[in-house]
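A.B. asks: just the structure for this:
(one chain, ligands or ions: 2)
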Amino acid sequence: MKTTSIQETKNVAKILLRKISAPQNSATLITLSGDLGAGKTTFTQQIGELLEIKEKINSPTFVISKKYKIKSKNFPWKKLIHIDAYRLEREEDLDLIGLLDDLIKTENLIFLEWPEMIEKWLPKENRFNVKLKYIDENTREIKF
Ligand SMILES: Nc1ncnc2c1ncn2[C@@H]1O[C@H](COP(=O)(O)OP(=O)(O)OP(=O)(O)O)[C@@H](O)[C@H]1O
Ligand SMILES: [Mg+2]
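C.D. replies: Ligands and ions are numbered 1, 2, ... in the order given. Below is the predicted model of the structure:
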């Protein structure tokens, strides 16, 4: 799908939310692939708004992982976890940021930027990959 504004990107985020469900045996993992500025953080911000999270979702680049409470009863998850894996390089790093524990809990909806950095340690199940691509200043292609 092509979007030419953040509002349109939000509509695509809405389609994703309708498509996924919470599995019984693990967290829901959404991996976001795409170059710098492709819109991975912006997409997650729109998801946050749709989940009725009041806090502003900012890029987790410096802290690597951020957690937000999902209070809305309209969704099956209780926590949104937003991760930027850009600077992770070892399997121990996943444990350091608590990701291994977070992946077990069904209440977690995890949005992970730069999955390529830790691909070999990520689960293949209960996972959805979103690909974002820069087309021009205001246009992005989003595939899933
Ligand atoms: N159609 C669009 N959809 C989403 N973002 C758009 C769109 N058009 C322009 N933008 C802009 O593109 C930028 C995307 O930046 P963002 O931080 O989301 O990228 P990122 O993929 O998370 O990059 P990084 O790898 O550095 O974390 C934002 O400034 C946003 O306003
Ligand atoms: Mg980002």
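A.B. asks: most residues in a single helix of this structure, which one?
C.D. replies: Scanning the chain for the helix with the most residues, using DSSP state H, yields helix 6-19.
A.B. asks: which ones are touching the closest residue to ligand 2 within the chain?
C.D. replies: Per Cβ to the ion, Thr41 is where the chain lies closest to ligand 2, at 3.3 Å. (C-beta placed from N, C-alpha, C; glycine too.) Contact analysis of Thr41 by Cβ atoms under 8 Å, 6 or more residues apart in numbering lists Ile57, Asn58, Ser59, Asp84, Glu113.
A.B. asks: which SS class is it?
C.D. replies: helix (DSSP: H, G, I helix; E, B strand; the rest coil).
A.B. asks: hang on, the earlier thing: model confidence over the longest helix of the chain, on average?
C.D. replies: Here helix 6-19 scores 98 as its mean pLDDT.
A.B. asks: partners of whatever helix or strand comes next after that helix in the sheet?
C.D. replies: Scanning forward in sequence from helix 6-19 by DSSP states H and E, the next helix or strand is strand 28-33. As defined by DSSP bridges, the strand partners of strand 28-33 come to strand 108-113 (parallel), strand 127-136 (parallel).
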